[in-house]
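Peer 1: Take this sequence and fold it.
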Amino acid sequence: MNGKMITFPGNGNFCQGYLAESTTRGPGIIVLQEWWGLVDQIKEVADRFSEEGFVALAPDLYHGQSTKNPDAAGKLMMALNIEKTAEEMNNAINYLTSLPSTTGSHVGSVGFCMGGQLSLYAACSNSIIGACVDYYGIHPNVKPNIKSLEAPVLGFFGEKDPSVPPQAVQNLEAELRQCGKKVEFHVYPNRDHAFFNHKRPEVYDQADAEDSWTRMTKFFRQHLLV
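Peer 2: You can find the predicted model right below:
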């Protein structure tokens, strides 16, 4: 791992997260976890961003808890206090922008599964987010206020995803466009949920994962290197 676990302040308390800094200064990226927690795969995503010249922070939204069991992951996700989670994401964003290694006045957000929905939620509630990426986002209790969104949105989804089926993707894209937002969605044929996660070989697809990574880093550079 290139990064390290750090503690950052917020609302009288302290939060934890995984910080991966580049060897040079660069734009900040908030990386939001899947329902498993802040596991090694998410830390590796943050590391990849640092290797691309970004400064990445993955806040620990489960406060030290993680699991490999789907039932336990579902319980952790549903137990998430959305209001407190929103505060923690804002704290992470403020900390990220305060770092000497972070450039620019805006940061990017990206999340996967539960984190994908949280990425959109964060972008709708915090104007410091200048570019938002959503990987097959889903959480029944997270309701982004699309009307308040200022950042452009890039989304990646799988055609065979039972959690976020094509109709749900079409509905979200239509809502964003009806509100006048900038949006670009990609639905990969024959791909399932979590096709980006290389730790899940039963659904992972290297070609489409790499294609989405290339599109995402280009998107972040386009909107954050200004």
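Peer 1: Now the residue nearest the centre of the chain: which helix or strand?
Peer 2: By CA atoms, centre = their mean, the chain has its centre lying nearest to Gly111, at 1.9 Å. Using DSSP states H and E, Gly111 falls within strand 102-112.
Peer 1: Check which residues of that strand are buried.
Peer 2: Thr102, Thr103, Gly104, His106, Val107, Gly108, Ser109, Val110, Gly111, Phe112 (16 or more other CB atoms under 10 Å). C-beta here means a position set from N, CA and C on the backbone, and glycine is covered the same way.
Peer 1: Just grab the bridge partners of the last one for me.
Peer 2: Pointing back at Phe112 there. Here Phe112 shows beta-bridge partners Tyr135, assigned using DSSP bridges.
Peer 1: so how far is Gly37 from it?
Peer 2: Distance of Phe112 to Gly37, given as CB to CB, to the nearest Å: 12 Å.
Peer 1: can you pull out the strands in the chain?
Peer 2: 4-10, 13-20, 26-32, 55-59, 102-112, 129-135, 153-158, 183-188 (DSSP state E).
Peer 1: Show me what the third one is packed up against.
Peer 2: The elements that strand 26-32 packs onto, with contact taken as 3 or more CB pairs under 8 Å, 6 or more residues apart in numbering; DSSP states H and E, are helix 40-51, strand 55-59, helix 82-98, strand 102-112, helix 114-125, helix 206-224.
Peer 1: Dump those into JSON lines; add mean pLDDT and distance to Val153 as well.
Peer 2: As requested, these are arranged in JSON lines below (pLDDT from 0 to 100; distance: least, CB to CB, whole Å):
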{"stretch": "helix 40-51", "mean pLDDT": "98", "distance to Val153": "18"}
{"stretch": "strand 55-59", "mean pLDDT": "98", "distance to Val153": "19"}
{"stretch": "helix 82-98", "mean pLDDT": "95", "distance to Val153": "16"}
{"stretch": "strand 102-112", "mean pLDDT": "97", "distance to Val153": "10"}
{"stretch": "helix 114-125", "mean pLDDT": "97", "distance to Val153": "7"}
{"stretch": "helix 206-224", "mean pLDDT": "98", "distance to Val153": "10"}
